[in-house]
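Kindly generate the corresponding structure for this input.
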Amino acid sequence: MSVSNEEQQAQYEHALASFEQFYGSVDQADQKAQLVRDLIGKDELVDALLKPPEPQARVRLRDAFPPNELAKALSDAGSIDAVAGKICRIVMHKRKLASHRQPRPLNQDDVRQIQAYVREVWVARNPPPQPELIPVDFVGEVYLDTETTGLGAVDQVVSVTVLGSTAQTLLDTFVALSHGMKMTPKATEITGITDDALVGAPSFCEVWRRLGYILKHAKKVWAYNAEFDRRLIQQTCSQSGVFMSSELGQKFRCAMLWVEHERCRMKLTEACQLYKVDTAGCSAHSSLGATHMLFRLLCRLKQQRTHDAGNDERRG
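Predicted coordinates for the structure are as follows:
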C-alpha cells in the first residue's frame, strides 16, 4: 500500500486529535505508537506516521541512488539488507569527504529511511503474483523455450513459452524490448520477430510475475538448450531489476543431452527427425512451436528409455 507523506501525516493527526479529544494529550512516543495501532490498525505505517520522512531527504536519496541502478544492485545481491548496508557505507563515506573529518554515525532514522527506500524499489520490481496469474493446472515438470534479440552477453528475451505436464499452455507471450535494445537482423531473419512486433508487449517485470511463479513451483524445467535459455532469462532478469535465485537455475534440464547421437549439438529439428517425432503445425523458430516440439521429443525419448529398460530386464 502506497501512502504519501501528506496522507500519512493527516492520518496521524486525525487519529491523535480523536484520542486527545476524549482522553487528553499524549506525550510519550510508545503511547503514540500504540494509539496509532489501535485507531488505524496499520502496524507497518506506525514509524512513518509518528515521524513522517522529510520529502527533501527522500528526494536526495533518489537522486544519489536512482531506482533503476538500485534495482540492478538488488538483482545482483539478492538481498535488501545487503544493498541497504552498502548504501549506508556510501553515505558515510560521502559525509566524510564533505566534512574532511570523521562524520557522525547514521542514526536509526537515517538507516530506517534507507531501508524503506530500498524495500520500496524491491517491491515495485518484484510485485507478488495476482491470484488470477497463479497457474494451478501443472504438476511436476514444465517445458520452456525462448526467443531472444541475439546470443550475446547483453541480449534479452523477447518471447517465452512454458507448457505444463500435459502440454497445456501456462505462458506464451512476447516481451517488450528495454534499455534501447533492438532485434538483430539475424534474430529477425530466424524468428520473424521485429522491433515493431514487440511494441505494446508486457515488460519483462510483468512477465516475470507469472514466469517466476511457474519456475518456483515446478520440479523440473525442461529446455532443449537449457544452458542458453537459463542464461538469457538470468540476463534479462538482471537488466530488468528482478531477482532469479540460483535455486531456480538449478531446476533446468537439458533435452539436448538426452539425444543419443555422435553429433553432440544437434538442432531441435534434427533431433525430431532422428526420433521420428511428428512436428506438424510446429515452427522451431517460434517459442510456442519449439516448446511443443520439445514436449513431443521428450515424450518419445521417455517412451524409448522405458522400452529399452524393459528389454534389458527381459534379457537379464
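
In three-state terms, label V162 for me.
Of the three states, V162 takes strand under DSSP: H, G, I helix; E, B strand; the rest coil.

Now do the same contact list for it.
142-144, 169-172, 211, 214, 291 (Cβ atoms under 8 Å, 6 or more residues apart in numbering). Yep, even glycine has a C-beta here, placed from its N, CA and C like the rest.

hey, where'd the helices end up in the protein?
5-23, 29-40, 46-50, 55-64, 67-77, 80-99, 108-125, 185-191, 204-217, 226-240, 246-249, 268-274, 287-315 (DSSP state H).

Return the member of these having the minimum mean pLDDT.
Lowest mean pLDDT of the helices of the chain: helix 46-50, a mean of 42.

and the residue nearest to A197 when sequence neighbours are not counted, what is it in contact with?
Of all residues not flanking A197 in the chain, F174 sits nearest, at 6.8 Å (Cβ to Cβ, 6 or more residues apart in numbering). F174 makes contacts with 158-159, 193, 197-198, 201-202, as judged by Cβ under 8 Å, 6+ apart.

Please pick the buried ones from these.
158-159, 193, 198, 201 (16 or more other Cβ atoms under 10 Å).

Now these in CSV, please, with extra columns for pLDDT and distance to E120.
As requested, the buried ones among the contacts of F174 are arranged in CSV below (pLDDT from 0 to 100; distance: Cβ to Cβ, whole Å):
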residue, pLDDT, distance to E120
V158, 96, 29
S159, 96, 31
I193, 92, 34
L198, 93, 29
A201, 91, 26
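
For those, could you give me TSV that also reports distance to L274?
Output for the buried ones among the contacts of F174, formatted as TSV (distance: Cβ to Cβ, whole Å):
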residue	distance to L274
V158	29
S159	26
I193	28
L198	34
A201	35
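
Just to be sure, which of those are found in strands?
Per DSSP state E, strands hold the following members of the buried ones among the contacts of F174: 158-159.

Pick out whichever of the buried ones among the contacts of F174 sits closest to N225.
The nearest member of the buried ones among the contacts of F174 to N225, counting by Cβ to Cβ, is S159 at 15.3 Å.

Run through the bridge partners of the closest one.
Taking DSSP bridges as the rule, S159 bridges to E147, F174.

Hmm, it is touching T146, no?
Yes - contact between S159 and T146 holds when scored by Cβ atoms under 8 Å: they sit 6.5 Å apart.

so what sits against both of those two?
Shared contacts of S159 and T146, defined by Cβ under 8 Å, 6+ apart, comprise S287.

sorry, back to before: just send the contacts of F174 back as CSV, with distance to K302 too.
CSV is the format used below for the contacts of F174 (distance: Cβ to Cβ, whole Å):
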residue, distance to K302
V158, 30
S159, 26
I193, 31
A197, 35
L198, 35
A201, 34
P202, 33
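
related to what we said a few turns ago, buried among the contacts of V162? Need that as a selection in PyMOL.
The buried residues among the contacts of V162 can be selected in PyMOL (16+ other Cβ under 10 Å) with this line:
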select buried, resi 142+143+144+170+171+211+214+291
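
Using CSV, lay out the contacts of V162 together with distance to S283.
Putting these into CSV (distance: Cβ to Cβ, whole Å) gives the following:
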residue, distance to S283
V142, 20
Y143, 16
L144, 16
T169, 15
L170, 19
L171, 18
D172, 13
L211, 21
I214, 23
T291, 11
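
Which one of the contacts of V162 is nearest to C299?
Y143 (10.0 Å).

Mind pulling up the pLDDT for that closest one?
We note a pLDDT of 96 for Y143 in this prediction.

contacting residues around it?
When contacts are counted by Cβ under 8 Å, 6+ apart, Y143 touches 162-164, 167, 221-223, 291, 294-295, 298.

Quick check on these: which are buried?
Neighbour-count burial (16+ other Cβ under 10 Å) is assigned, among these, to 162-164, 221-223, 291, 294-295, 298.

Just send the residues you listed back as a markdown table, with distance to W258 too.
Converted to a markdown table, the buried ones among the contacts of Y143 look like this (distance: Cβ to Cβ, whole Å):
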| residue | distance to W258 |
| --- | --- |
| V162 | 19 |
| L163 | 17 |
| G164 | 20 |
| V221 | 14 |
| W222 | 9 |
| A223 | 12 |
| T291 | 16 |
| L294 | 11 |
| F295 | 13 |
| L298 | 7 |
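
Of the residues you listed, just say which sits nearest to V118.
V221 (29.8 Å).

Isn't the closest one up against Q250?
No - using Cβ under 8 Å, V221 is not in contact with Q250, being 9.5 Å away.

circling back: Q234: which of the buried ones among the contacts of F174 is nearest?
Comparing the buried ones among the contacts of F174 against Q234 with Cβ to Cβ places V158 closest, at 15.4 Å.

pull the CA atoms of stretch 147-163 into CSV?
Below are the C-alpha coordinates for stretch 147-163, written out as CSV (Å, rounded to 0.1, in the frame of the first residue of the first chain):
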residue,chain,number,x,y,z
GLU,A,147,13.3,-16.3,-28.5
THR,A,148,15.9,-13.6,-28.0
THR,A,149,17.5,-10.5,-29.5
GLY,A,150,20.7,-12.4,-30.1
LEU,A,151,23.1,-14.8,-28.5
GLY,A,152,25.4,-12.4,-26.6
ALA,A,153,26.0,-11.3,-23.0
VAL,A,154,23.7,-8.3,-23.3
ASP,A,155,20.9,-9.8,-25.3
GLN,A,156,17.3,-10.1,-24.0
VAL,A,157,14.4,-12.5,-24.0
VAL,A,158,11.6,-11.2,-26.4
SER,A,159,9.3,-14.2,-26.4
VAL,A,160,8.8,-17.0,-23.9
THR,A,161,6.5,-20.1,-23.8
VAL,A,162,6.0,-22.6,-21.0
LEU,A,163,3.9,-25.7,-21.3
